[in-house]
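Participant: Okay, here's the prediction I keep looking at, along with the sequence it came from:
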Number of protein chains: 2
Amino acid sequence: MTPIKIDHVAVVVDDLPAALNFWQNALGLPLEGRETNEHEAVDIAFLPVGESRIELLKPTTDDSGIAKYLAKRGAGMHHLCLAVEDIEAAMAHIASQGIQLINETPRQREDGTRYAFVHPKSTGGVMVELYELPKGKV
Amino acid sequence: MTPIKIDHVAVVVDDLPAALNFWQNALGLPLEGRETNEHEAVDIAFLPVGESRIELLKPTTDDSGIAKYLAKRGAGMHHLCLAVEDIEAAMAHIASQGIQLINETPRQREDGTRYAFVHPKSTGGVMVELYELPKGKV
């Protein structure tokens, strides 16, 4: 049930080329891929580091949750995602300790990854995401 | 020169027992150690996850940099630390790309770890720390 690793740290940015100038050009991380997530209304850049990834998120509209976060808090780290073996077991144990989950059952991405968010009010201020990676992708 | 891994994610908290209830009891991360850093005026709890660590920072005074961050921004992720092989080479390359470092030469901790901070204005809002771990500790 213990998390296996940091899967990714998500960073909200207001200028993706400027952010890539730091993370890719200055720091030297490889740019593994780019994609647009229509559902979340963000352009995403993925940069692997060790067993983890930095995910840069640039809102594509003004009214998404991430756009509102950017307007209110400014650019910076948005959430921390930990990979777990069994997301139902992890969620049940977390809830049993009085911690509030944002979604009570796992959601699923197109690639098969199942995920859930823990409410930052329950974690000491950090939006924590849990990932259960498809078998063979851990 | 490319960073090797996420060494740690540092989280500022206003209530260390409540934060440990989440990270240790609910999430199941082991508590590897506790220490007080007099210089930074913080109590720190270390919780390893994969090749990385979560570091919970609780200010011990009201006037430190981290206490002021907590008062202004609230609890949450404070900085992201990446391990590098050669900190001078990494810092020189970062500076050559027009990115502002907070300290221009590496500082050193008692355990031999050398470190430097990149200014969040240059990274897209994230306080990034670089660590060069002592040989044999990577």
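Facilitator: Alright, I've got the coordinates. Numbers count the residues shown, from 1 in each chain, chains lettered A, B, ... in the order given.
Participant: Now the most far-flung residue of chain A relative to its centre: phi and psi?
Facilitator: Computed with Cα atoms, centre = their mean, the maximum C-alpha offset from the centroid of chain A is found at residue A:96, amounting to 23.5 Å. Note on residue A:96: its backbone torsions stand at phi -70, psi -20 [degrees, to the nearest 10].
Participant: count of residues packed around the closest residue to it other than its chain neighbours?
Facilitator: Sequence neighbours aside, residue B:26 is the residue nearest to residue A:96 in space, at 8.0 Å (criterion: Cβ to Cβ, 6 or more residues apart in numbering or on different chains). C-beta: built from backbone N, CA, C; applies to glycine. For residue B:26, the neighbour count with other Cβ atoms under 10 Å in any protein chain shown is 21.
Participant: Quick check, residue B:26 in contact with residue A:97.
Facilitator: Yes. Using Cβ atoms under 8 Å, residue B:26 makes contact with residue A:97 at a distance of 3.8 Å.
Participant: all helices of chain A, in order?
Facilitator: A:16-20, A:65-73, A:87-96, A:120-123 (DSSP state H).
Participant: Run through the neighbouring helices and strands of the second one.
Facilitator: In this structure, helix A:65-73 packs against strand A:5-12, strand A:52-59, with contacts taken as 3 or more Cβ pairs under 8 Å, 6 or more residues apart in numbering or on different chains; DSSP states H and E.
Participant: just to revisit the earlier point, could you measure from the residue farthest from the centre of chain A over to residue B:25?
Facilitator: To residue B:25, residue A:96 is 10 Å away according to Cβ to Cβ, to the nearest Å.
Participant: Could you do residue A:109 as well?
Facilitator: On the measure of Cβ to Cβ, residue A:109 and residue B:25 end up 28 Å apart.
Participant: swap in residue A:63?
Facilitator: 37 Å.
Participant: higher neighbour count, those two?
Facilitator: residue B:25 (16 against 9).
Participant: Just the CA trace of stretch A:74-92, in PDB.
Facilitator: Taking C-alpha atoms only, stretch A:74-92 is exported to PDB below (Å, rounded to 0.1, in the frame of the first residue of the first chain):
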ATOM      1  CA  GLY A  74       0.600  32.400  -9.600                       C
ATOM      2  CA  ALA A  75       2.900  30.000 -11.500                       C
ATOM      3  CA  GLY A  76       4.400  27.200  -9.400                       C
ATOM      4  CA  MET A  77       4.000  23.600  -8.200                       C
ATOM      5  CA  HIS A  78       0.400  22.500  -8.500                       C
ATOM      6  CA  HIS A  79       0.300  18.900  -7.400                       C
ATOM      7  CA  LEU A  80       2.400  15.900  -6.400                       C
ATOM      8  CA  CYS A  81       1.600  12.500  -7.900                       C
ATOM      9  CA  LEU A  82       2.600   9.300  -6.100                       C
ATOM     10  CA  ALA A  83       2.400   5.900  -7.800                       C
ATOM     11  CA  VAL A  84       0.700   3.100  -5.800                       C
ATOM     12  CA  GLU A  85       0.300  -0.700  -6.500                       C
ATOM     13  CA  ASP A  86      -3.400  -0.900  -5.600                       C
ATOM     14  CA  ILE A  87      -5.400   2.400  -5.700                       C
ATOM     15  CA  GLU A  88      -8.500   1.000  -4.100                       C
ATOM     16  CA  ALA A  89      -6.500  -0.300  -1.100                       C
ATOM     17  CA  ALA A  90      -4.600   3.000  -0.800                       C
ATOM     18  CA  MET A  91      -7.900   5.100  -1.000                       C
ATOM     19  CA  ALA A  92      -9.600   2.900   1.500                       C
END
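Participant: Show me what the mean pLDDT comes to for it.
Facilitator: Averaging pLDDT along stretch A:74-92 gives 97.
Participant: May I see the buried residues of that stretch?
Facilitator: A:75-84, A:87, A:90-91 (16 or more other Cβ atoms under 10 Å in any protein chain shown).
Participant: How many residues are close by residue A:5?
Facilitator: Residue A:5 has 21 nearby residues by other Cβ under 10 Å.
Participant: Setting aside sequence-adjacent positions, which residue approaches it most closely?
Facilitator: In space, and not counting its chain neighbours, residue A:5 is closest to residue B:50: 3.0 Å by Cβ to Cβ, 6+ apart.
Participant: didn't the one you found look like it was pressed against residue A:2?
Facilitator: No. If you go by Cβ under 8 Å, residue B:50 and residue A:2 don't touch, sitting 10.1 Å apart.
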